[in-house]
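**Q** I would like to see how this sequence folds:
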Amino acid sequence: MNTETNYPKAVIVIFGATGDLAKRKLYPSIHRLYHSGKLGDQFAVVGVGRRPWSHEDLRAVVKESVSSDDAEAKAEEFISHFYYHDFDVSSPASYQALNTLLSGLEDTYSIPNNRMFYLAMAPEFFGTIAKFLKSEGVSETTGWSRLVIEKPFGHDLPSAKTLNEEIRDAFTEDQIYRIDHYLGKQMVQNIEVIRFANAIFEPLWTNRYISNIQITSSESLGVEDRARYYESSGALRDMVQNHMLQMVALLAMEPPIKLNTEEIRSEKRKALRALRPFSKDEVDQFFVRGQYDAGTIDGNMVPSYLEEHNVDPNSNTETFVAGKLLIDNFRWAGVPFYIRTGKRLEKKSTQIVVQFKDIPMNLYYGNGNSMHPNLLVIHIQPDEGITLHLNARKLDGGTYAKPIKLDYQTNYNDIMNTPEAYEKLIHDCLLGDATNFAHWDEVALSWNFVDPISEKWAETKTLKPNYPAGSMGPKEADQLLEKDGYHWWNI
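**A** Numbers count the residues shown, from 1 in each chain. Below is the predicted model of the structure:
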């Protein structure tokens with residue numbers, strides 16, 4: 001048993017316990033925290049759902065979901081901490097019964113009234129659940145109460161404001177943890193370390209030395225079984241409004257005064273406020289959208305988006321977005337941040353490429369040299385690591401130069417021991433560390449930037465499949481960079 005006293009002690013309440021997210025991500029993540037010694041024995045997990053399950057039904061599902069983990073030895077001991085509560089989201093009596101269950105578990109496991117509420121369900125229920133958690137006293141404890149919210153947080157700025165007001169009636173901002181699983185990825189968190197712990201990078205992290213920054217998040221999968229959600233979302237809302245803009249903020253932010261939640265969030269907000277807004281008339285100059293057609297992935301033919309199950313055959317939904325972002329401040333004036341994300345692309349990959357400017361009067365251009373711009377590549381997934389592209393003298397002598405790579409990639413053992421994003425974020429929440437969660441101001445600034453783009457695209461219902469599955473997107477995305485004298489780095 002884990003008997004140390006400095007472990008987080010809490011009841012974790014998962015609303016949507018019978019859903020896919022809980023089975024695929026949440027249960028395995030909590031299991032790994034327990035097995036790795038980051039979670040002691042003073043915890044309980046209450047799964048909340050509409051199905052008339054028993055505790056044993058939930059435990060069977062949890063056992064199956066963690067069976068692929070390397071740590072099955074403690075499985076029985078682990079699942080004994082799980083309990084089920086069948087639930088009516090709009091019934092005060094359900095919340096009162098839940099409160100009674102939680103109080104009993106806190107006595108059983110000697111938990112000091114700390115409660116974490118994870119809303120892993122449809123966002124239309126967020127406000128209702130938050131309201132009843134407060135009104136029925138479930139969140140009013142002598143310990144701490146924290147609310148974890150999955151995306152989407154609204155579908156535009158007005159709906160996000162409405163949702164935020166509903167939740168803020170029941171929880172304060174410092175109790176709300178808006179989860180963005182990209183912020184839990186090791187190499188995304190490593191952006192700050194690369195920048196602020198290395199004297200060779202931070203002095204160069206300006207428009208004097210950087211020509212452009214590219215962020216690519218590509219998926220080889222299609223919409224699979226998410227078509228109903230994706231039809232109302234699209235790549236812009238699903239990826240750009242949250243994941244992509246969060247990475248932009250981390251890359252563009254100024255060094256914080258201290259490495260704490262308040263100061264890091266403050267600098268991210270400043271970076272997002274400096275994003276140049278675009279009117280609807282300017283959208284086509286700076287953004288490209290696409291929709292995948294039939295094509296070949298790994299030698300297999302795959303259908304077009306319009307042929308996918310539950311997709312409107314006349315759908316205007318984009319499955320690809322590329323854009324040019326400009327940040328109007330002293331550090332970044334004139335440096336384009338290019339982003340692209342899409343489904344059914346050539347490969348699954350998320351990476352950041354920082355392209356440095358060439359030095360004046362480079363004596364090694366021409367004369368048989370195969371020169372290459374200096375690049376810093378941050379690999380986020382599936383590989384994790386960094387690569388620095390430099391130019392060096394050829395081994396056969398003379399004045400010839402060639403590109404070389406200084407490469408660090410996590411090896412197989414490192415990958416096996418790397419915390420999965422949800423594992424890291426759940427642990428952060430239990431510890432009360434909100435650094436890697438989105439503040440409301442960040443959410444609002446992101447929607448404010450994205451809304452004119454989505455409004456423009458909603459007005460022009462002309463989108464048809466314009467890139468084959470297995471490619472890297474429509475040719476217009478390449479032209480977006482070519483007119484600035486650049487090209488996408490597919491590294």
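
**Q** neighbours around residue 128, how many?
**A** 12 (other CB atoms under 10 Å). C-beta coordinates here come from the backbone N, C-alpha and C atoms, glycine included.

**Q** grab the most central residue of this structure for me.
**A** residue 182 (2.5 Å; CA atoms, centre = their mean).

**Q** so who does that residue touch?
**A** Going by CB atoms under 8 Å, 6 or more residues apart in numbering, residue 182 touches 188, 242, 243, 246, 247, 350, 380, 421.

**Q** look up how far residue 121 lies from the closest residue to the last one other than its chain neighbours.
**A** Just to be clear, that refers to residue 421. Nearest residue to residue 421, sequence neighbours excluded (CB to CB, 6 or more residues apart in numbering): residue 184, at 3.2 Å. Here residue 184 is placed at a distance of 20 Å from residue 121 (CB to CB, to the nearest Å).

**Q** so where is the protein shaky, pLDDT-wise?
**A** 1-5, 68-74, 361-371, 394, 396-400, 411-419 (pLDDT under 70).

**Q** same thing but 50
**A** For the chain, the stretches with pLDDT under 50 are 1-4, 412-413, 415-416.

**Q** state the distance from the closest residue to residue 423 other than its chain neighbours to residue 121.
**A** Once flanking residues are discounted, residue 423 sits nearest to residue 29: 3.9 Å by CB to CB, 6+ apart. Distance of residue 29 to residue 121, given as CB to CB: 17 Å.

**Q** now residue 156
**A** Distance from residue 156 to residue 121, by CB to CB: 21 Å.

**Q** of those two, who's got more company?
**A** Comparing residue 156 with residue 121 by other CB under 10 Å, the one with more neighbours is residue 121, at 22 against 15.

**Q** isn't that one right up against residue 14?
**A** No - contact criterion CB atoms under 8 Å: residue 121 and residue 14 do not qualify, at 9.2 Å.

**Q** rewinding a little: could you check how many residues crowd around the residue nearest to residue 421?
**A** Applying other CB under 10 Å, we find 22 other residues in the vicinity of residue 184.

**Q** quick check: phi and psi on it?
**A** phi -90, psi -10 (degrees, to the nearest 10).

**Q** for it, list the residues it contacts.
**A** 419, 420, 421, 422, 423, 424, 425, 428, 436.

**Q** residue 34: which of those residues is nearest?
**A** For the contacts of residue 184, the minimum distance to residue 34 (CB to CB) is 10.4 Å, reached by residue 423.

**Q** what's the helix or strand for that closest one?
**A** Assigned by DSSP states H and E, residue 423 belongs to helix 421-431.

**Q** got the contact list for that helix?
**A** Under CB under 8 Å, 6+ apart, the answer for helix 421-431 is 8, 10, 12, 25-26, 28-30, 32-33, 38-39, 116, 118, 146, 148, 177, 179, 181-186, 189, 419, 434-437.

**Q** just to revisit the earlier point, which ones are touching the residue nearest to residue 423?
**A** Counted by CB under 8 Å, 6+ apart, residue 29 has contacts 420, 422, 423, 426.

**Q** could you save those as TSV and add columns showing distance to residue 462 and neighbour count?
**A** Below are those laid out as TSV (distance: CB to CB, whole Å; neighbours: other CB atoms under 10 Å):
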residue	distance to residue 462	neighbour count
420	40	16
422	38	21
423	43	21
426	43	28
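
**Q** now render those as a markdown table, adding distance to residue 275.
**A** A markdown table is the format used below for the contacts of residue 29 (distance: CB to CB, whole Å):
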| residue | distance to residue 275 |
| --- | --- |
| 420 | 30 |
| 422 | 28 |
| 423 | 31 |
| 426 | 30 |
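
**Q** of those, which is the nearest to residue 105?
**A** For the contacts of residue 29, the nearest to residue 105 is residue 426 (18.0 Å; CB to CB).

**Q** please report the distance of residue 383 from residue 407.
**A** 10 Å.

**Q** equivalent analysis for residue 436, please.
**A** Taking CB to CB, one finds residue 436 at 26 Å from residue 407.

**Q** more crowded one of the two?
**A** Using other CB under 10 Å as the criterion, residue 436 and residue 407 rank with residue 436 on top: 24 against 12.

**Q** just say helix, strand or coil for the nearest residue to the more buried one once chain neighbours are set aside.
**A** Closest residue to residue 436 apart from its sequence neighbours, by CB to CB, 6+ apart: residue 183 at 4.1 Å. Three-state call for residue 183 (DSSP: H, G, I helix; E, B strand; the rest coil): helix.

**Q** tally of neighbours for residue 183?
**A** If we define neighbours as other CB under 10 Å, then residue 183 has 22 of them.

**Q** any figure for the gap between it and residue 265?
**A** 11 Å.

**Q** same question, residue 271
**A** Residue 271 is 11 Å from residue 265, by CB to CB.

**Q** the residue nearest to residue 436 reaches residue 245, doesn't it?
**A** No - the pair residue 183 and residue 245 fails to qualify as a contact (CB under 8 Å) at a distance of 11.5 Å.

**Q** tell me the helices and strands packed up against the host helix or strand of residue 83.
**A** According to DSSP H and E, residue 83 maps onto strand 82-86. Strand 82-86 sits against strand 43-49, helix 55-65, helix 92-108, with contacts defined as 3 or more CB pairs under 8 Å, 6 or more residues apart in numbering; DSSP states H and E.

**Q** one more time with 10 Å, if that's ok
**A** strand 10-15, strand 43-49, helix 55-65, helix 92-108 (3 or more CB pairs under 10 Å, 6 or more residues apart in numbering; DSSP states H and E).

**Q** chain center to the longest helix seen in the chain: distance?
**A** Longest helix in the chain, counting residues (DSSP state H): helix 440-459. Helix 440-459 sits 17 Å away from the centroid of its parent chain (CA atoms, centre = their mean, to the nearest Å).

**Q** distance of residue 83 from residue 187?
**A** 36 Å.

**Q** swap that for residue 346, please
**A** 21 Å.

**Q** thinking again about what came up before, got TSV for the helices and strands packed on strand 82-86, with distance to residue 210 too?
**A** Compiled in TSV, the helices and strands packed on strand 82-86 are given as follows (distance: least, CB to CB, whole Å):
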stretch	distance to residue 210
strand 10-15	42
strand 43-49	45
helix 55-65	44
helix 92-108	51
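
**Q** need those in CSV (columns: distance to residue 283 and mean neighbour count).
**A** Shown next, in CSV, are these (distance: least, CB to CB, whole Å; neighbours: other CB atoms under 10 Å):
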stretch, distance to residue 283, mean neighbour count
strand 10-15, 37, 26
strand 43-49, 41, 25
helix 55-65, 42, 18
helix 92-108, 44, 16
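
**Q** about what we covered before: neighbour count winner among residue 346 and residue 187?
**A** Neighbours were tallied for residue 346 and for residue 187 using other CB under 10 Å; the higher tally belongs to residue 187 (21 against 16).

**Q** which positions within the strand or helix carrying the more buried one qualify as buried?
**A** Assigned by DSSP H and E, residue 187 belongs to helix 186-196. Using 16 or more other CB atoms under 10 Å as the test for burial, helix 186-196 gives 186, 187, 188, 189, 190, 191, 192, 194.
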